[in-house]
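In: output the structure for:
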Amino acid sequence: MTRHFWTGRRLAWGLGTLWVLSVLIALGSLRFLVAEISLVMPAMVHHLLARPVVLYLHIGLAPVALGLLPVQFSHRLRGRRPGLHRWGGRLYALCVLMSGLASLWLAYTTAEGVVAGLGFALLAVVWLTTTAMAVIAALQRRFAQHRAWMIRSAALTLAAVTLRLYLPIGMTTVGFEASYPVIAWICWVPNLLAAEWLLRREVHDAVPAG
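Out: Numbers count the residues shown, from 1 in each chain. I've put the predicted structure just below:
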């Protein structure tokens, strides 16, 4: 019992930290809409020149999806305001759809190389797929499956957090060009693996000891 208590407590602290980072980064990302792109995101300048609408769809809607995560995973909100939870879910899904399609195009046209482009393209595809599966499960009232798919989708949305944690490390160690292709993968693959671990752990803990 003690082991499970402390494990659950550490997990709760970890999730709480992620939610705080999500809100802070979502709010901070809004500066991309008004700041000079060449100063805050020099790697995106070629996108701004060639496809500004696609770029702003991604950088404008992805932070909204990120900021919605703590609200959508709130047990209290789902219990007290189910209608608000449903509308928040619709907004989240719309933001993922638009931002995911935009990020897929940005990945295809990136100037940072094939490895980085493939990493971000696969992230976009899996992000769109997991969110679509969550929506389908909700519409079919399969709420356990909906929650599982939303955990996977949230893990991929949180790539915005891990990306910003890894970028300064990569830039101060091996440089942007060398680190960016690696970050394009490690910003989301470990997140998805962690989500799968969490889901399997819940299944294992739910099985009665016999």
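In: which is the next helix or strand following the helix or strand bottoming out on mean pLDDT in the chain?
Out: For the chain, the helix or strand with the lowest mean confidence is helix 37-40, at a mean of 63 (criterion: mean pLDDT, DSSP states H and E). Heading C-terminal from helix 37-40, the first helix or strand you meet, by DSSP states H and E, is helix 45-50.
In: just the buried residues of that following helix, please?
Out: Buried residues in helix 45-50, counted by 16 or more other C-beta atoms under 10 Å: 47-48. Yep, even glycine has a C-beta here, placed from its N, CA and C like the rest.
In: just checking, next helix/strand downstream of that helix?
Out: Going down the chain from helix 45-50, the next helix or strand is helix 52-72, by DSSP H and E.
In: next structured bit after that following helix?
Out: Scanning forward in sequence from helix 52-72 by DSSP H and E, the next helix or strand is helix 75-80.
In: mind giving me the packing neighbours of that following helix?
Out: Counting by 3 or more C-beta pairs under 8 Å, 6 or more residues apart in numbering; DSSP states H and E, the packing neighbours recorded for helix 75-80 are helix 82-108.
In: show me what counts as buried in the helix it packs on.
Out: 85, 88-89, 91-93, 95-100, 102-107.
In: swap in stretch 70-78?
Out: Residues 70-74, 78 are the ones in stretch 70-78 that count as buried (16+ other C-beta under 10 Å).
In: contacts for stretch 51-64?
Out: When contacts are defined by C-beta atoms under 8 Å, 6 or more residues apart in numbering, stretch 51-64 is touched by residues 25-27, 29-30, 32-33, 37, 41, 44, 47-48, 91, 94-95, 98-99, 101-103, 105-106, 109, 157, 160.
In: sorry, slip of the keys, the one I care about is stretch 151-168.
Out: Contact partners of stretch 151-168, identified using C-beta under 8 Å, 6+ apart, comprise 18, 21-22, 25-26, 29, 62-63, 65-66, 69, 73, 96, 123, 126-127, 130-131, 134, 176, 179, 183, 186-188, 190-192, 194-196, 198-199.
In: any of those buried? List them.
Out: Listed as buried from these are 18, 21-22, 25-26, 29, 62-63, 65-66, 69, 73, 96, 123, 126-127, 130-131, 134, 179, 183, 186-188, 191-192, 195, 198; burial here means 16+ other C-beta under 10 Å.
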